[in-house]
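[1] need a structure here:
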Amino acid sequence: MSSLRLGYYSEASVVLIQAISPLHVGMGRGVGVVDLPVQRDALGFPTIFASSLKGALRATFNRLVGKDGEACTYIIFGPSDGRDEDYYAGAFNPLDAKLLLLPVRSLIGVYTLCTSPLLLNNFLVYLESSTHAGADEQGLKGLLEAVKAVLTKIKELPSNKEEVLVGEDVKEKLSLKIAGRDTVVFADEFRLSLRELPTIGELSNRLGLEEGWRLAVVHDDFMVNSLLERSLLRQTRAALEKETKKVKRGALWTEEDLPTQTTLCTVFFYSDPRTKIDACPKLSSKPNATGVKELFEKTIINGLGFMIFGGHETVGRGVAKLRKVG
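    Numbering: from 1, shown residues only. Sure, this is the predicted structure:
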């Protein structure tokens with residue numbers, strides 16, 4: 001896209017972030033039961049703030065392009081030294097990564113990937129905003145229509161907190177007979193009746209899920225008040241004294257993680273460089289937003305495909321897969 005349609009941004013990528021190992025992107029010390037909670041938005045949903053995304057992406061990009069490509073890092077992400085005479089905005093801007101799919105224990109089928117109308121609406125807004133900033137509207141058309149189709153069908157159904165919506169031919173994989181009804185049991189406790197919705201199967205295909213039958217839609221209230229709190233991982237950890245191997249005084253804490261298979265969605269926006277690109281030959285052939293997007297995607301999404309976000313990297317936390325949709 002050559003014309004600017006959303007601020008300075010004329011290119012965009014819609015990206016899914018899937019947790020490969022438990023993911024802890026924290027927000028400091030909490031005041032509740034959990035000492036180190038994950039980042040959450042204003043409604044209490046787990047998220048990764050744009051600043052946390054950008055910091056990790058910048059560090060990884062800089063490592064991959066090496067010292068010779070450091071100038072490219074400055075052009076795309078902005079300067080790092082903070083000197084006024086060299087101050088300019090970078091050509092890359094991510095949105096907060098919002099929760100899209102939450103893995104939930106199921107008595108039959110092991111687990112499902114649950115979403116809700118609110119989460120799907122958030123995703124729809126991201127998709128629509130990306131098309132106003134240069135994302136491939138034709139490539140995203142099928143996914144946009146699939147999300148809208150599911151939301152439209154949900155609005156036509158009576159609101160039922162004790163019902164779960166799944167794709168066609170899923171009953172035998174997720175449900176069991178309880179009192180003569182097809183029932184799904186979530187988190188070892190919650191019994192929900194099952195309703196098949198054909199449009200959910202199309203959405204799972206458009207999202208590129210390897211096991212699309214696991215996709216399920218639950219009521220917003222049930223997602224927030226029950227499933228979310230039951231599905232997040234909470235681990236108690238301790239620091240030991242070097243000599244005695246006893247727990248250090250005051251060194252016992254609980255931290256929160258997003259479970260493996262959690263999927264979040266974000267949008268990466270790109271603008272024309274706001275400084276000279278002479279020092280970055282990789283942008284010389286396309287010194288615009290398109291060139292920035294192609295260099296970023298080639299280096300991070302297509303070239304690497306995996307990232308580490310958040311803390312506790314040395315104990316196997318934070319490995320995530322990045323996948324562009326559309």
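[2] Helices along the stretch 1-150 of the chain, start to end?
    50-65, 70-77, 117-131, 137-156 (DSSP state H, counting those that start in this stretch).
[3] Mind listing residues that contact the second one?
    Outside of helix 70-77, the residues that reach it under the criterion CB atoms under 8 Å, 6 or more residues apart in numbering are 54, 57-58, 61-62, 65, 80, 90-92, 273, 275, 277, 279-280, 282-283, 292, 295-296. (Each C-beta comes from the backbone N, C-alpha and C, glycine too.)
[4] Now the buried members of the residues you listed.
    Among the contacts of helix 70-77, those classed as buried by neighbour count (16 or more other CB atoms under 10 Å) are 54, 57-58, 61-62, 65, 90-92, 273, 275, 277, 280, 282-283, 292, 295-296.
[5] Kindly list the main-chain dihedrals of the residue lying closest to residue 288 once chain neighbours are set aside?
    Spatial nearest neighbour of residue 288, chain neighbours left out: residue 272 (4.9 Å); criterion: CB to CB, 6 or more residues apart in numbering. According to degrees, to the nearest 10, the main-chain angles of residue 272 amount to phi -60, psi 150.
[6] so where do the strands sit in the stretch 201-326 of the chain?
    For the stretch 201-326 of the chain, strands defined by DSSP state E, counting those that start in this stretch occupy the ranges 215-217, 233-240, 247-257, 263-271, 306-308, 319-325.
[7] got JSON lines for those, with distance to residue 99 and mean pLDDT too?
    Output for the strands of the stretch 201-326 of the chain, formatted as JSON lines (distance: least, CB to CB, whole Å; pLDDT from 0 to 100):
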{"stretch": "strand 215-217", "distance to residue 99": "14", "mean pLDDT": "97"}
{"stretch": "strand 233-240", "distance to residue 99": "15", "mean pLDDT": "84"}
{"stretch": "strand 247-257", "distance to residue 99": "14", "mean pLDDT": "83"}
{"stretch": "strand 263-271", "distance to residue 99": "6", "mean pLDDT": "97"}
{"stretch": "strand 306-308", "distance to residue 99": "17", "mean pLDDT": "93"}
{"stretch": "strand 319-325", "distance to residue 99": "13", "mean pLDDT": "95"}
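[8] Distance to residue 300 and mean neighbour count added to these, as TSV?
    As requested, the strands of the stretch 201-326 of the chain are exported to TSV (distance: least, CB to CB, whole Å; neighbours: other CB atoms under 10 Å):
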stretch	distance to residue 300	mean neighbour count
strand 215-217	27	26
strand 233-240	27	13
strand 247-257	23	14
strand 263-271	9	25
strand 306-308	7	16
strand 319-325	7	18
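[9] Which one of those lies nearest to residue 138?
    strand 319-325 (13.3 Å; CB to CB).
[10] Starting from that closest one, tell me which strands it pairs with and how they run.
    strand 9-19 (antiparallel), strand 306-308 (antiparallel) (DSSP bridges).
[11] Just name the most buried of the ones you listed.
    strand 9-19 (a mean of 23; mean count of other CB atoms under 10 Å).
[12] For that one, the averaged confidence score.
    The average pLDDT for strand 9-19 rounds to 95.
[13] hmm, back to that, surely the residue nearest to residue 288 and residue 11 touch.
    No: with contact defined as CB atoms under 8 Å, residue 272 does not count as touching residue 11 (9.4 Å).
[14] list residues touching both of the two?
    With CB under 8 Å, 6+ apart as the test, residue 272 and residue 11 both reach 289, 292.
[15] want to try JSON lines for the helices of the stretch 1-150 of the chain, with mean pLDDT and distance to residue 101 as columns?
    Compiled in JSON lines, these are given as follows (pLDDT from 0 to 100; distance: least, CB to CB, whole Å):
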{"stretch": "helix 50-65", "mean pLDDT": "94", "distance to residue 101": "18"}
{"stretch": "helix 70-77", "mean pLDDT": "93", "distance to residue 101": "28"}
{"stretch": "helix 117-131", "mean pLDDT": "96", "distance to residue 101": "8"}
{"stretch": "helix 137-156", "mean pLDDT": "95", "distance to residue 101": "13"}
